[in-house]
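K.L.:
Fold the following, please.
(one chain, ligands or ions: 1)
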Amino acid sequence: MNPKRILTIQDLSCVGQCSLTVALPILSRYGVETCVLPTAILSNHTQFKSWSYLDLTQEIPNIFNEWQNSGIKFDGFLLGYLGKKELMNLAVECFERFSNKPAPVVIDPVFADNGKLYSGFDLDYVREMARLVRHADIIDPNITEACFITDTPYRSQYDKAYVETLAAKLAALTDGAVVITGVEFDGQIGELVLQNGKFEYVMLPKLNAQYHGTGDIFSSVMTARRLQGASLADSCLAAGKFVADCMRGTNPTEHFYGVCFEPQLAK
Ligand code: PXL
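P.N.:
Numbering: from 1, shown residues only. Okay, the predicted model is just below:
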């Protein structure tokens, strides 16, 4: 059988092990034919002190026309960092025009962490994201993004009732499944999954480190496993284990900008 073909829509950060430089190798390694729609080219991701930025929005309609002419369709979509509201309408157009139905749409909102918006994002963007998630079959925000999207005050200390309320508020915005990432309790870290009205926690021991780009790795593995038919909870578990293995293999003093995921791909 031919592998599933996915389209991932996000930026190409030339250096920094995030977005496309993560999604492309990981989805491919997991056996998914990976097509890309690069939305911008950055010299490096925006957690560096500075970066260059080439916006590719203008080229996207030309790409769509060519795909239309060639009859291209995708079995799934993974949306990551966009950085510009205008790209959201194009993403929706893409899901509608190039879906090999019922191709699932995974939306990782990617605009905030640790209680704060990333550089370049504002509440207008958040509002548009809250509308975009309607088009998703799975959304996987972290707690900060879930708070912004649902207009809930962020807390660094919380209980299960708090995250379950967050998930329920997200579920009111989309018919898709909700996966809140980076949920921590009692020395464990993982996801709260809300699907068909049922809550499920997928937890692993927490490692004592925080790296950039782990969210992009998580989304890539989860999406690949889900496309291949694993349950959503099993897909989250596989992704969580993969991220943990990558973190264990990374030396933070040598590698401040991302995690060394490549050795894990070679296994
Ligand atoms: O890892 C998410 C991400 C992706 N792309 C760019 C980013 C970030 C997070 O900061 O800056 C350009």
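
K.L.:
the strands in the stretch 1-150 of the chain, which residues?
P.N.:
Ranges of strands in the stretch 1-150 of the chain, per DSSP state E, counting those that start in this stretch, are 5-15, 33-44, 53-55, 76-79, 105-107, 112-113, 116-117, 138-139.

K.L.:
Ignore what I typed, I meant the stretch 151-267 of the chain.
P.N.:
For the stretch 151-267 of the chain, the strands defined by DSSP E, counting those that start in this stretch occupy 177-185, 188-195, 198-205.

K.L.:
Adding mean pLDDT, distance to the ligand and mean neighbour count, write these out as JSON lines.
P.N.:
Placement of C-beta: from N, CA and C, glycine included. Formatted as JSON lines, the strands of the stretch 151-267 of the chain follow (pLDDT from 0 to 100; distance: least, C-beta to the nearest ligand atom, whole Å; neighbours: other C-beta atoms under 10 Å):
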{"stretch": "strand 177-185", "mean pLDDT": "98", "distance to the ligand": "12", "mean neighbour count": "23"}
{"stretch": "strand 188-195", "mean pLDDT": "98", "distance to the ligand": "17", "mean neighbour count": "21"}
{"stretch": "strand 198-205", "mean pLDDT": "98", "distance to the ligand": "20", "mean neighbour count": "14"}
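
K.L.:
Does R29 touch P263 like I think?
P.N.:
No - under the criterion of C-beta atoms under 8 Å, R29 makes no contact with P263, lying 11.9 Å away.

K.L.:
Which one of those two is surrounded by more residues?
P.N.:
R29 (19 against 11; other C-beta atoms under 10 Å).

K.L.:
What sits closest to L204 if chain neighbours are left out?
P.N.:
Spatial nearest neighbour of L204, excluding adjacent residues (C-beta to C-beta, 6 or more residues apart in numbering): G240 at 5.0 Å.

K.L.:
Just send the strands of the stretch 1-150 of the chain back as CSV, with mean neighbour count and distance to the ligand too.
P.N.:
Putting those into CSV (neighbours: other C-beta atoms under 10 Å; distance: least, C-beta to the nearest ligand atom, whole Å) gives the following:
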stretch, mean neighbour count, distance to the ligand
strand 5-15, 23, 5
strand 33-44, 18, 5
strand 53-55, 13, 8
strand 76-79, 27, 12
strand 105-107, 27, 14
strand 112-113, 20, 8
strand 116-117, 14, 10
strand 138-139, 27, 15
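
K.L.:
how about those strands in JSON lines, adding mean pLDDT?
P.N.:
Listed next are the strands of the stretch 1-150 of the chain as JSON lines, based on pLDDT from 0 to 100:
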{"stretch": "strand 5-15", "mean pLDDT": "98"}
{"stretch": "strand 33-44", "mean pLDDT": "98"}
{"stretch": "strand 53-55", "mean pLDDT": "98"}
{"stretch": "strand 76-79", "mean pLDDT": "98"}
{"stretch": "strand 105-107", "mean pLDDT": "99"}
{"stretch": "strand 112-113", "mean pLDDT": "97"}
{"stretch": "strand 116-117", "mean pLDDT": "98"}
{"stretch": "strand 138-139", "mean pLDDT": "98"}
